[in-house]
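1. please find the sequence and the predicted model below.
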Amino acid sequence: MLYQVQGQAAYCYTGGKTYQPELPTVVFIHGAQNDHSVWGLQSRYFAYHGFNVLAVDLPGHGRSKGDALTSVEQMADWLIALMDAARVPQATLIGHSMGSLIALETSFRAPTRVSKLALVGTAYPMRVSDTLLNAARDEEQTAIDMVNIWSHSSIAHKPSSPGPGFYVMGVSQRLMQNISKINPKQVFHTDFSACNAYANGEVAAQAVTCPTLFLLGRKDMMTPVKASAILSKSIAHSQQTIIENCGHSLMAEQADQVLSSLLAFART
């Protein structure tokens, strides 16, 4: 589905379903150098089991036009504008990594628009090392390789992989390479810089009043479980689910467990 947002075409995956006002809406927000497809299993299941779904491509990512936005605050404003364009008055926001910061900031800027908040693979501050920032700016393929290694709990196939021959790390690598191909304007560096600079996380967390889930991977090296402590302590009423044998790419490495956790949260 294409919408016009801030003068540019914005793409959302809806599961092929038309918007039904009587159903609850879930908005899925991807992380750095990704697009809506990282939520493939989860978004499609939600769409066919009682929810409106908007799995977004952020500006400059996937099928959405325009330049990648340079701050989490700008991305949150864009997301609110997207919800306006889609005529969605309120939604559950589910964000992964950078997307979790966008979801959090959106709830701060427009609290009445957010019914629930799920922060997947999150951290605050979401610091990015100088080595990775420089690689994203100067040697993007090196940055892609580094992130793929650090985002998965192992390089071997897991019994829980979705199907025979499904290569979790390879799919992630090709997606990031495709983002570089369709938008050569250093999207990775722009995304990482936005994460690194975001400074409103604790204030935003303290303002959250809606039900909130932290969904984390035990073996996450990009956003370790302990790195979510500032946010989880600031949202006193939040709940936490930790998935074992899982790194930062939770939706791919443990797709079914992520789906089950998110679905149970959304339905409560």
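-> Nice, thanks for sending it over. Numbers count the residues shown, from 1 in each chain.
2. and the worst-scoring helix or strand of the chain on mean pLDDT, how far from the chain's centre?
-> Sorting the helices and strands of the chain by mean pLDDT, DSSP states H and E puts helix 168-182 at the bottom, at a mean of 91. Chain-centre distance of helix 168-182: 16 Å, with CA atoms, centre = their mean, to the nearest Å.
3. before we move on, what about stretch 125-143?
-> The chain centre lies 19 Å from the centre of stretch 125-143; the measure is CA atoms, centre = their mean.
4. same deal with stretch 83-102?
-> 10 Å.
5. measure it end to end?
-> Using CA to CA, to the nearest Å, one end of stretch 83-102 lies 14 Å from the other.
6. what's the neighbour count on Gln240?
-> By other CB atoms under 10 Å, 13 other residues sit near Gln240. The C-beta positions use only the backbone N, C-alpha and C, and glycine is treated the same way.
7. residue contacts, it?
-> 213-214, 216, 228, 232 (CB atoms under 8 Å, 6 or more residues apart in numbering).
8. most neighbours of all these, which one?
-> Busiest of those [other CB under 10 Å] is Leu216, holding 25 neighbours.
9. give the other helices and strands that the helix or strand that residue falls within contacts.
-> For Leu216, the enclosing helix or strand under DSSP states H and E is strand 212-217. Here strand 212-217 touches strand 114-120, strand 239-243, helix 250-253, helix 255-267, going by 3 or more CB pairs under 8 Å, 6 or more residues apart in numbering; DSSP states H and E.
10. need those in a markdown table with mean pLDDT and distance to Ser151, can you?
-> What follows is the helices and strands packed on strand 212-217, written out as a markdown table (pLDDT from 0 to 100; distance: least, CB to CB, whole Å):
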| stretch | mean pLDDT | distance to Ser151 |
| --- | --- | --- |
| strand 114-120 | 98 | 13 |
| strand 239-243 | 98 | 14 |
| helix 250-253 | 93 | 9 |
| helix 255-267 | 97 | 14 |
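11. which of the ones you listed sits closest to Ser172?
-> Closest approach to Ser172 among the helices and strands packed on strand 212-217 is made by helix 250-253 (6.6 Å; CB to CB).
12. by contact count, what packs against the closest one?
-> Other helices and strands packing on helix 250-253, by 3+ CB pairs under 8 Å, 6+ apart, are helix 40-47, helix 168-182, strand 212-217.
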